[in-house]
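Student: Any chance you could fold what I've pasted below:
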Amino acid sequence: MARMQIPSETSTWLLQARDFLAEARRQKPGPERNELRETAKVLRQLAKLEASSEQTLERDWRQGT
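Tutor: Sure, this is the predicted structure:
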């Protein structure tokens, strides 16, 4: 299984997603486990959106816009 690599400046969203996945792994298969996994998925998407928006803001700032 692939491990999630966490950069030195990790998003809070990714840290929370990692915690949710760890808890999901401790659960028996069922609705609670699925809900934890779905929550982690949404948190990872939020982290991705946050990273892309930060890159856009940084790029705009450098261009002086």
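Student: Tell me which residue is most central in the chain.
Tutor: Central residue of the chain (CA atoms, centre = their mean): residue 44, 2.5 Å from the mean position.
Student: Could you find the closest non-adjacent residue to that residue?
Tutor: Computed as CB to CB, 6 or more residues apart in numbering, the closest residue to residue 44 that is not its neighbour in sequence is residue 17, at 4.9 Å. All C-beta atoms are positioned from the backbone trio N, CA, C, and that covers glycine.
Student: show me what contacts that neighbour?
Tutor: Listed by CB atoms under 8 Å, 6 or more residues apart in numbering, the contact set of residue 17 reads 39, 40, 41, 43, 44, 47.
Student: wouldn't residue 50 be in contact with residue 11 here?
Tutor: Yes - if you go by CB atoms under 8 Å, residue 50 and residue 11 touch, sitting 6.0 Å apart.
Student: just the helices in the protein please.
Tutor: Secondary structure of the chain (DSSP state H): helices located at 12-26, 31-63.
Student: rank those helices by pLDDT, which is bottom?
Tutor: With a mean of 86, helix 31-63 has the lowest mean pLDDT of those.
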